[in-house]
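Visitor: This is a predicted model, with the sequence first.
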2 protein chains.
Amino acid sequence: MPEPRQTLTVELGERSYPIHIGRGLLADRALLQNATAAESVMVVSNEAVAPLYLDTLKAGLAGRQVIATVLPDGEQEKRLESMLPVFDEMLVNGLGRDSAVIALGGGVIGDLAGFVAATYQRGVAFVQIPTTLLAMVDSSVGGKTGVNHPRGKNMIGAFHQPRAVVADLSVLDTLPDREMRAGMAEVIKYALLGDAAFLDWLETHLDEALAREPGVLAELVARCCRNKAAIVSADERESGQRALLNLGHTFGHAIEAARGYGDWLHGEAIAAGMCMATGMSRRLGWISPADEARATALIERAGLPTTPPADLSTARFREFMARDKKNRHGQLTLVLLKALGEAVVTTDYDDQALEATLTESAHD
Amino acid sequence: MPEPRQTLTVELGERSYPIHIGRGLLADRALLQNATAAESVMVVSNEAVAPLYLDTLKAGLAGRQVIATVLPDGEQEKRLESMLPVFDEMLVNGLGRDSAVIALGGGVIGDLAGFVAATYQRGVAFVQIPTTLLAMVDSSVGGKTGVNHPRGKNMIGAFHQPRAVVADLSVLDTLPDREMRAGMAEVIKYALLGDAAFLDWLETHLDEALAREPGVLAELVARCCRNKAAIVSADERESGQRALLNLGHTFGHAIEAARGYGDWLHGEAIAAGMCMATGMSRRLGWISPADEARATALIERAGLPTTPPADLSTARFREFMARDKKNRHGQLTLVLLKALGEAVVTTDYDDQALEATLTESAHD
């Protein structure tokens, strides 16, 4: 019996594309041919993923010219300099504008390879094959690509939509537990920001999901992708509601930047950031202490941090948060909760609630 | 009496923008405000242009936060590494997504600053203020941005249309003669590729143009911009006819890459490249020897090279031409002339005509 599969669509007019979700997709030649018919392909991967899945993917791409660049693993690789060897390999091997770039990896690889695709010869086709839960449910969908700058995360990049996202759930079998939990932070994010029913579902199914029960994982990934696709379709370039997806990220990015990328995983920083956003929303009187406790409990059950590193001072937080891309005219924009399952993007909050959130967190 | 001005429009739907042509535009606050209302602006310029015009522009931008990055002059600066200090200054000064980048310089500065604008925080507003003839008539219009790679010209970049092009003809008063002549190569290109009447006009007015007679220059710049705008409007992303603008460029880029960027000016390489394309078209029997002589004579009258460097072998030419972005499936695409004033983009030519062109040029 064939494995069940789902295909969702990100609706973006002529840039619309499918998200395929199922097991065993990596070796599916017809599906990969449908994702990109390019005869020359650059696969970008990393040292953790390539030994496990690159050969399978190459078999799926048999008959084409396939070049692979395997980068070291980790967020610290997500910088402009890491793109140079990829460009170099593409040029040495004569890849033209009709070639494609495939990302085989997590969020770091997807963002970097996507930015390579966006800028190689002013843009070539791109396919996302996410290999982490985080990448499947969040970063591989929506066309945000880019790299970090020492002064801020994702500060250099482009919007470049993939032609297809191939979420092969079987690769999650080998995902380290810590990465699985980090991905769960973005999963919980969708529930908190806009899907209260999914919050109920998660509270019931979290343990099965962490244990990688196939049916639960398939439902979880599809639910997140549907949420993400709907938001991206409505606001491709983040002129408005797409910023809701940054729940926990303004605080979280500050944690990552202050620690130097790679110390905390992105999902871990976002988990602590969501707890801070939740706590600030409670201080503003927008949600109840019971709501805050419920959100924090779920994050804690997922094995994620609920507070930022203790040595991160209020001043450092403010310094890094001031660089957030959502800010306008120097005003700090935050994503906060009006209710569990209802986030807002706002500059209209009492700064004392922010100050209290930063101060309390710094001493937790 | 106010100086006469013209405003053309590049028609690209919601990305349409004006090209302002006239004298004294740099100090025109209302015009600059119209070009971008951003309160924070990064001006990118170079050491040749900034001492002459940066203060004037700053006066035109009075009342806003204006940061300037002044790079060394020259094609060798057009690389990824040169973008880093610009990003750094923007982040240090807290420039957000609502800021703008202004290019004050020639083609190198315009391409590089445009790529900064395309990629800073995934894209901010961009204004082109070209200060060379070449940039006014060609590179500032059309949204091609990018940098060179040691293995090929413009290999890394993006399409990012400016919000406005401000062609202040008075800055041409200080343009070195060699740069003026290099710009004339792109001017002649428009005549050869699609505007036979302009070829007649140029044969009459070339000397006045080189002597910078204001009325002649204004007409020349406007005519080129109209030609460019029409082609870009019809084919923004170069899926077809826009490649006509590459007349002489496949040969020319090979010259530039082989010499190391900066030895020959871009316009000089393109001039020799156009003579090669013209010669090859004559060998194919598409144009007459008299046509070839007429085109070559005009290029020579402009003080431009009509043959490539003698030490560039056929093999080296082919090596560099194989990397051209127009190539598909390994087939070398060329822009050739069916008549003076009528170019075609084609892979349908006798390779012996190419070989003869390369061989003869190498020994000229």
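Guide: Looks like it came in fine. Numbers count the residues shown, from 1 in each chain, chains lettered A, B, ... in the order given.

Visitor: Show me how far the helix or strand where residue A:345 lies is from its chain's centre.
Guide: Residue A:345 belongs to strand A:342-346 when assigned by DSSP states H and E. Per C-alpha atoms, centre = their mean, to the nearest Å, the displacement of strand A:342-346 from the mean C-alpha position of its chain is 19 Å.

Visitor: Summarise which helices and strands it is packed against.
Guide: If contacts are counted by 3 or more C-beta pairs under 8 Å, 6 or more residues apart in numbering or on different chains; DSSP states H and E, strand A:342-346 sits against helix A:177-194, strand A:334-339. Every residue, glycine included, has its C-beta placed from N, CA and C.

Visitor: tally of neighbours for the closest residue to residue A:358 other than its chain neighbours?
Guide: Leaving out its chain neighbours, the residue that sits closest to residue A:358 by C-beta to C-beta, 6 or more residues apart in numbering or on different chains is residue A:314, at 4.3 Å. By other C-beta atoms under 10 Å in any protein chain shown, the residues close to residue A:314 number 17.

Visitor: Do I have it right that residue A:314 meets residue A:355?
Guide: Yes. Contact criterion C-beta atoms under 8 Å: residue A:314 and residue A:355 qualify, at 7.0 Å.

Visitor: any shared contact partners between those two?
Guide: With contacts taken as C-beta atoms under 8 Å, 6 or more residues apart in numbering or on different chains, residue A:314 and residue A:355 have no neighbour in common.

Visitor: what does chain A put close to chain B?
Guide: Within reach of chain B by C-beta under 8 Å from any C-beta of the partner chain, chain A has these residues: A:39, A:80, A:83-84, A:87-88, A:91-92, A:94, A:96-98, A:118-123, A:144-146, A:149, A:151-152, A:154-159, A:237, A:322-323, A:325, A:327-330.

Visitor: Just the buried ones among those residues, please.
Guide: A:80, A:83, A:87, A:91, A:96-97, A:118-123, A:144-146, A:149, A:152, A:154-159, A:323, A:325, A:327 (16 or more other C-beta atoms under 10 Å in any protein chain shown).

Visitor: sorry, back to before: among the residues of chain A next to chain B, which lie within strands?
Guide: A:144-146, A:149, A:152, A:154-159 (DSSP state E).

Visitor: Adding pLDDT, write those residues out as TSV.
Guide: Shown next, in TSV, are these (pLDDT from 0 to 100):
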residue	pLDDT
A:144	97
A:145	98
A:146	98
A:149	90
A:152	81
A:154	91
A:155	93
A:156	97
A:157	98
A:158	98
A:159	97
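
Visitor: and which of the residues you listed is nearest residue A:349?
Guide: The closest of these to residue A:349 turns out to be residue A:152 (C-beta to C-beta; 22.2 Å).

Visitor: right, and the closest one touches residue A:253 too?
Guide: Yes. Judged on C-beta under 8 Å, residue A:152 makes contact with residue A:253 at a distance of 7.4 Å.

Visitor: Just to check, residue A:64 is in contact with residue A:36?
Guide: No. Between residue A:64 and residue A:36 there is no contact, the gap being 9.3 Å when judged by C-beta under 8 Å.

Visitor: who's more crowded, those two?
Guide: residue A:36 (21 against 17).

Visitor: Give the burial count for the nearest residue to that one once chain neighbours are set aside, as a bare number.
Guide: Using C-beta to C-beta, 6+ apart and skipping the chain neighbours, the partner closest in space to residue A:36 is residue A:100 (4.3 Å). Residue A:100 has 23 neighbouring residues, counting by other C-beta under 10 Å.
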